[in-house]
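Colleague: Any chance you could fold what I've pasted below:
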Amino acid sequence: MKQDNIVLDKSFEFAVRIVKLYKHLRKTFDERTLSTQILKSGTSIGANIREALRSSSRKDFVAKMNISLKEVYETEYWLELLYKTEYLTKAEYDSIFPECRELTNILSKIVLTTKESIK
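Modeller: Purely as a prediction, here's the structure:
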């Protein structure tokens, strides 16, 4: 039976949106470099979270969640760059960026709370 996990679910749904964004950028603009960058960082968030859930220790868990946090920060950068370079409209940016920021906030809290519990 699958147990609900908010950060895992949100990161997976976000990854789905990132894949769709990648397809849009490739089809509409024939853009390759930025689209590949955001595809890599945006989909690895959830992959690293999933890996963290099978960690062998709390220290390993924090390390994997920190990787996810770094990836979400990177994804924020690519989204901002795509918006500022007019690959994303304001509406598109406003639609996806808050989800990215929400993941940033959740992951930051998880990492901080877990680190504190290790001490």
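Colleague: Show me what the longest helix anywhere in the chain is packed against.
Modeller: As assigned by DSSP state H, the longest helix anywhere in the chain is helix 90-118. Packing partners of helix 90-118 (3 or more Cβ pairs under 8 Å, 6 or more residues apart in numbering; DSSP states H and E): helix 6-29, helix 33-52, helix 58-84. In short, each C-beta sits where N, CA and C put it, glycine included.
Colleague: right, and those helices - which one's nearest residue 110?
Modeller: Among these, helix 58-84 comes nearest to residue 110, with 5.5 Å by Cβ to Cβ.
Colleague: in the closest one, what's buried?
Modeller: 61-62, 64-69, 71-76, 78-79, 82-83 (16 or more other Cβ atoms under 10 Å).
Colleague: next one: stretch 20-29
Modeller: Result for stretch 20-29 [16+ other Cβ under 10 Å]: buried residues 21-22, 25.
Colleague: what would the helices and strands packed on helix 90-118 look like in JSON lines with distance to residue 117 and mean pLDDT?
Modeller: Formatted as JSON lines, the helices and strands packed on helix 90-118 follow (distance: least, Cβ to Cβ, whole Å; pLDDT from 0 to 100):
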{"stretch": "helix 6-29", "distance to residue 117": "17", "mean pLDDT": "98"}
{"stretch": "helix 33-52", "distance to residue 117": "15", "mean pLDDT": "97"}
{"stretch": "helix 58-84", "distance to residue 117": "7", "mean pLDDT": "97"}
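Colleague: Let's have those in CSV, adding distance to residue 92.
Modeller: Listed next are those as CSV, based on distance: least, Cβ to Cβ, whole Å:
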stretch, distance to residue 92
helix 6-29, 8
helix 33-52, 13
helix 58-84, 8
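Colleague: right, and these - which one's nearest residue 104?
Modeller: helix 58-84 (5.0 Å).
Colleague: any idea of the angle the closest one forms with helix 6-29?
Modeller: 30 degrees (axes from the mean of the first three to the mean of the last three Cα atoms, to 10 degrees).
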